[in-house]
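K.L.:
Sequence and predicted structure, then a few things I'm wondering about:
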Amino acid sequence: MDATTPPHGPPPHARPARLGFPVKVMARDDLKSNDSRRAASEPHLKVSLDYVSAILDHCARHDIRMYRLSSDLAPYATHPDMPRFHGMVRESAAELAALGAKARALDIRLSFHPSQYVVINSPDPKLVEKSVWDLTSQAEMLDLMGCGPEAVLVLHVGGAYGDRRTSALRFAEVFPTLPEPVRRRLALEHDDLRFSAADTLMIHERTGVKLIFDHQHFWCLNPERLALRDTLARMLATWPDGVVPKVHMSTPRTELRQVTRTDPKTRRKTVSNLAPVWTGHADFCNPFEVATFLRQAEGLAFDMMLEAKAKDLALIRLRADLVRYAPDVAPRFGLGEGDVARLEAEEAAVLEAASGAL
């Protein structure tokens, strides 16, 4: 989308919305998301960037225009006890610039989602300091790649620490103290257990931080009983003009969970069947649930990151499903009835090729 297009209610000529997936490629087991070697093997960001370059080729081959980078892209770059790795981001400036140029040429939107250990609302100042270091490193990588403002760092509020209100306000207090690149890149997401959409809207009012709407989290945790469309619209409006917001989409697992328990006295193991936990993500996205959400969101513009366990396989399947079952919403992603045969052939080929790795 060009810089003059408003983020809400795009004109008919606006580019189709993007679908994306996070980190791991499931369609091919030969594509790695980051250099995961142990420290003794001297892993490096430059190796990770070579891996990501191949992933971008895979995305372009399948017309996937959004990808979330691994939070471990720069291995040990912020490990406090391994200073020999601390300079790797700057050492990789040329390679980062080349990857960013490639992503732009392929029209692929990039982002990070820092790990669960990045918590800026902690009462422990040392954990906050380390979290800010991690965020600064990832913001620096996006800047060195030359990414536009649509490339964000998606973060959760953090821990409740026995007092949700105080902990949410602590996030709001820390935010203005963050380095400018982090404040500029940060986008705050509500979660499924502690901080609701209402909590993040309150934090936005105090800080101006951009907000991410997560569909599954909204249904798992909404004690304020906010209306979905109104909440979505309010969150999209927190993004700057000309920057397309993004939302997260996943659907819950529905199958029985098998849990193995060991008797502490006899050491005998038993397997129990348990009901699903609705916070768990399904392997694929339920197309009927996705279509219902998109109908509720009619007239609101955003890109959509799929957080299904099957990653790119789920995305490729969903595109075909939307054309099959929801042709009224498929055009949002530039899909129409004329694409049915192509999408079904792609779906069949990719799933068959990946069957050995699943």
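P.N.:
That came through fine. Residues are numbered from 1 along each chain as shown.

K.L.:
What degree of burial does L201 show, as a neighbour count?
P.N.:
18 (other CB atoms under 10 Å). Every residue, glycine included, has its C-beta placed from N, CA and C.

K.L.:
Just the strands from the stretch 251-358 of the chain, written as ranges.
P.N.:
257-262, 269-274, 303-306 (DSSP state E, counting those that start in this stretch).

K.L.:
what's the most buried one of those strands?
P.N.:
Of all the strands of the stretch 251-358 of the chain, strand 303-306 has the most neighbours on average by mean count of other CB atoms under 10 Å, namely a mean of 24.

K.L.:
Name the strands paired with it and say parallel or antiparallel.
P.N.:
Strand partners for strand 303-306, identified by DSSP bridges, are recorded as strand 19-22 (parallel), strand 246-249 (parallel).

K.L.:
and the next helix or strand after the first one, average pLDDT?
P.N.:
Right, the one you point to is strand 19-22. Per DSSP states H and E, the first helix or strand lying C-terminal to strand 19-22 is helix 45-61. For helix 45-61, mean pLDDT rounds to 98.

K.L.:
swap in stretch 237-256?
P.N.:
In the prediction, stretch 237-256 has an average pLDDT of 96.

K.L.:
if we can go back for a sec, which of the strands paired with strand 303-306 sits closest to V182?
P.N.:
Closest to V182 of those is strand 246-249 (CB to CB; 18.1 Å).

K.L.:
related to what we said a few turns ago, dump the strands of the stretch 251-358 of the chain to CSV, plus distance to R332.
P.N.:
Formatted as CSV, the strands of the stretch 251-358 of the chain follow (distance: least, CB to CB, whole Å):
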stretch, distance to R332
strand 257-262, 34
strand 269-274, 37
strand 303-306, 9
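
K.L.:
do you know which of the ones you listed lies nearest V89?
P.N.:
strand 303-306 (24.1 Å).

K.L.:
Distance of G280 relative to E307?
P.N.:
Going from G280 to E307 by CB to CB, to the nearest Å gives 11 Å.

K.L.:
and if you look at R61?
P.N.:
22 Å.

K.L.:
How about the contacts made by the residue nearest to A353 when sequence neighbours are not counted?
P.N.:
Once flanking residues are discounted, A353 sits nearest to A27: 6.7 Å by CB to CB, 6 or more residues apart in numbering. Each residue near A27 by CB atoms under 8 Å, 6 or more residues apart in numbering is listed here: H58, H62, K311, D312, L313, I316, V350, A353, A354.

K.L.:
so how far is I120 from the fourth one?
P.N.:
In this structure, D312 and I120 are 31 Å apart, going by CB to CB.

K.L.:
I'm done for today, thanks for sticking with me.
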